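Participant: below are the sequence and a predicted model; questions follow.
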Amino acid sequence: MRDQIWHAAVTMAEQLADEQYFDPNELKKALSYFVAHGRDPTQFRAYLKVMQSDPAESLARSGKTRQYRKAVYRAVMGVCVTDSGAELTQVVALAARLVGYMLDVDGSLRADELMQ
């Protein structure tokens, strides 16, 4: 794994762990969509944009779902990797695992510890 992918995943996970409203399951659902639909980064970003918008509110399961999706959208849009579907898949998948770990340890583990 390239260092760039690792750093991007840790940064994304850290950003999401620090969000006030975030559900790791929303990131996993987005990743599932990405993989199932050909790993096209442009299509994935367009999907995330739609899912965090007003019209997608009818698909929400709770009053906070839209906020969760906005957090995922911001995190993915902020990732600095090439427009390779394979690299973005690795970043999002690793971030999904890392954020779960960060949230399980109640925020005591942060990115600077992971990057050592």
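Facilitator: Structure received.
Participant: can you give me the helices for the chain?
Facilitator: Secondary structure of the chain (DSSP state H): helices located at 3-17, 24-36, 41-51, 65-77, 85-104, 111-114.
Participant: any chance of CSV for those helices, columns mean pLDDT and mean neighbour count?
Facilitator: All C-beta atoms are positioned from the backbone trio N, CA, C, and that covers glycine. Formatted as CSV, the helices of the chain follow (pLDDT from 0 to 100; neighbours: other CB atoms under 10 Å):
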stretch, mean pLDDT, mean neighbour count
helix 3-17, 92, 20
helix 24-36, 93, 17
helix 41-51, 91, 16
helix 65-77, 91, 20
helix 85-104, 90, 19
helix 111-114, 54, 13
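Participant: ok, now which ones touch the residue nearest to residue 38 when sequence neighbours are not counted?
Facilitator: Nearest residue to residue 38 in three dimensions, chain neighbours excluded: residue 85, at 7.4 Å (CB to CB, 6 or more residues apart in numbering). Contacts here follow CB atoms under 8 Å, 6 or more residues apart in numbering; on that basis residue 85 touches 34, 38-41, 44.
Participant: nearest to residue 70 among those?
Facilitator: residue 44 (15.7 Å; CB to CB).
Participant: quick one: residues contacting that closest one.
Facilitator: By CB under 8 Å, 6+ apart, residue 44 lies in contact with 30, 33-34, 37, 76, 85, 88.
Participant: cool, and residue 33?
Facilitator: Counting by CB under 8 Å, 6+ apart, residue 33 makes contact with 44, 47.
Participant: go on, the one 10 residues further on?
Facilitator: The neighbours of residue 43, taking CB under 8 Å, 6+ apart as the test, are residue 37.
Participant: renumber starting at 51 from here on
Facilitator: Okay, using 51 as the starting number, the last item reads as residue 93.
Participant: and the gap between it and residue 52?
Facilitator: In this view, residue 93 and residue 52 are 23 Å apart by CB to CB, to the nearest Å.
Participant: ok, now residue 135?
Facilitator: 15 Å.
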